[in-house]
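Trainee: A predicted structure for the sequence below; I have some questions about it.
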Amino acid sequence: MEKGETEHRGSEAATTPTECAPLANSYARSGPDELLSEATRREQRFVAEFLSSLLATDPAKARSFIDTYEAATDLVTAIDTLLVRHAEKCGFDRDEAFNRFVERPFRDAFNEVHHAAEKLASLYFLEHEKTRNETKFAAVVGGVKEFIDLMLQAQREGNISQDLLANDAFKLIAQNITAISLQDRGSDITTIVELDAHHLMEEELHGCMQLADALVEQGGAVSAMDKLLLHQSAVYHRVGLMIPPVLEAICQKGMQGDHLGIPMLTAQYLRSQYDAPQSVWSRVFPAHEFDLIHRAVLYQDKATEAPSDMVLQVTPVSDGATRKHNIEVIVRIAHKSDEQSDS
C-alpha cells in the first residue's frame, strides 16, 4: 500500500495539463453523436468542461481524479452488482418480493406497497445485525410514506399514469431503499456523514422538501411530480461514492479530489437505469421529467455564474424553464447547506 501511494504521488508530480488532456478528451467521446441522447451529450460536455477546468487549476488533483474514475470501467454493472449483493446479504429475496402484487394497479394497492416497503426497511435497518438502528428505520419509513403519498397525488394531477402497477411502484421504492441502505454502509466504512441513512432522509431530502414548501408559501408553483423529482435526486445524489475504486481512494486519502466527479457517475448511473429494458423508472417518470432528475444530480456542485443562479423563481404557474431552474436550485441549496452544516 505504501509503495503504491508513493508511486501515485510521484506520478502526480510529473503530470502536466498537456499530458492529461488526452485522458480528459476521452471522457467526451463514447460513440457517434447521432447515437447519443441529449442527456448523454450534455453529460459528456459537462465532464469535459469539468476536467479541462481541473487540469488548468490543479493538475495533480486532476491526475488523481482520472486514475480513480478510469478504474471504474463498468459503472452500471458495478453499482448494480453492489445493490444486488447488498440486498442478498441482508436477506432480501428480490424474485419473491418483485412478484407479490401480480397485475394490480398501484392506486388500489398502495397500502400494501407501503407495508411491503416498511418490511424491507425493517430488514435493512432493524433485523440485520450490523445495521440495526431504529432512528434510521424511522427516517427511511417516513420518506417512503411521503414518496407514496406524492405518487398518488401525482396520479391525481395527471402526471403519473393511472395504469401504473403496484409491482412497478414497489420495485422503484425497493431500489430506493436498497440504495439508501448501501450508502449507509458506505458511511460506516468511510465515516462520510453525507452517506448516513438518517442524514440522507432528514437533511438532504428534508432540506429539499422544506425549500419546495417555502416556494409554495411565497406563491410559487410546486407539483407532486416536482417533489418526486427532488426525492430521487436527494436519495441518489451520492451513490457514485460506492463504486469500489472511488470508495477505496477516499478511505486511503480522504476527500482529496476523488469525490469531485461523483455527480457525473451518479447521473450516468441513473440514466442507465432509465434507459434499461423493462425499466421501472420509465414507468413512473416520463422522459422529460427524468431529464430534470438527471440535470439536478449532474449539476448539483456546478459553480454558479451569477447570484440569480441560486435564487428561486416565484411564479403562480410554472413553465418548463422555471421548473428546471427551481428544481436545480433547490438541490444545490440543500446540498450546499448540508455540506456547510457538516464542516
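Mentor: Sure thing, it's come through.
Trainee: Would you mind listing where the stretch 151-300 of the chain has pLDDT under the threshold?
Mentor: Along the stretch 151-300 of the chain, segments meeting pLDDT under 70 span 191, 244-245, 253-261.
Trainee: for the closest residue to Ala174 other than its chain neighbours, what are its contacts?
Mentor: For Ala174, ignoring the flanking residues on the chain, the nearest one in space by CB to CB, 6 or more residues apart in numbering is Leu120 at 5.7 Å. Placement of C-beta: from N, CA and C, glycine included. Residues near Leu120 by CB atoms under 8 Å, 6 or more residues apart in numbering: 92, 97, 174, 177-178.
Trainee: hmm, 10 Å instead?
Mentor: 87, 90, 92, 97, 140-141, 144, 170, 173-174, 177-178, 181 (CB atoms under 10 Å, 6 or more residues apart in numbering).
Trainee: got it, and Arg107?
Mentor: 151-152, 155-156, 160, 162-164, 166, 169.
Trainee: What ranges does the stretch 201-343 of the chain have for its helices?
Mentor: Taking DSSP state H, counting those that start in this stretch as the criterion, the stretch 201-343 of the chain contains helices spanning 206-217, 224-236, 244-253, 262-275, 281-284, 287-298, 320-342.
Trainee: got it, and the stretch 51-200 of the chain?
Mentor: 59-71, 75-89, 94-97, 106-122, 134-156, 166-190, 197-199.
Trainee: how about the helices of the stretch 201-343 of the chain, which one is nearest Val193?
Mentor: Val193 sits nearest to helix 320-342 of all these, at 5.3 Å, using CB to CB.
Trainee: Now do that closest one: which elements does it pack against?
Mentor: Applying 3 or more CB pairs under 10 Å, 6 or more residues apart in numbering; DSSP states H and E, one finds that helix 320-342 contacts helix 197-199, helix 206-217, helix 224-236, helix 287-298.
Trainee: Now it: average pLDDT?
Mentor: Mean pLDDT, computed over helix 320-342, is 81.
Trainee: From Gly143, how far out is the most centrally placed residue in the chain?
Mentor: Nearest to the mean C-alpha position of the chain, by CA atoms, centre = their mean, lies Tyr236 at 2.1 Å. According to CB to CB, to the nearest Å, Tyr236 and Gly143 sit 13 Å apart.
Trainee: what do these two both touch?
Mentor: Contacts common to Tyr236 and Gly143, judged by CB under 10 Å, 6+ apart, are 176, 180, 200.
Trainee: Can you give me every residue that contacts the residue lying closest to Trp281 once chain neighbours are set aside?
Mentor: Excluding the flanking residues, the one nearest Trp281 by CB to CB, 6+ apart is Tyr274, at 4.5 Å. Tyr274 makes contact with 37, 39, 280-282, 284-285, 287, 290-291, 293-294, according to CB under 10 Å, 6+ apart.
Trainee: surely Arg156 meets Ala224?
Mentor: Yes - when contacts are counted by CB atoms under 10 Å, Arg156 is listed as touching Ala224 (7.9 Å).
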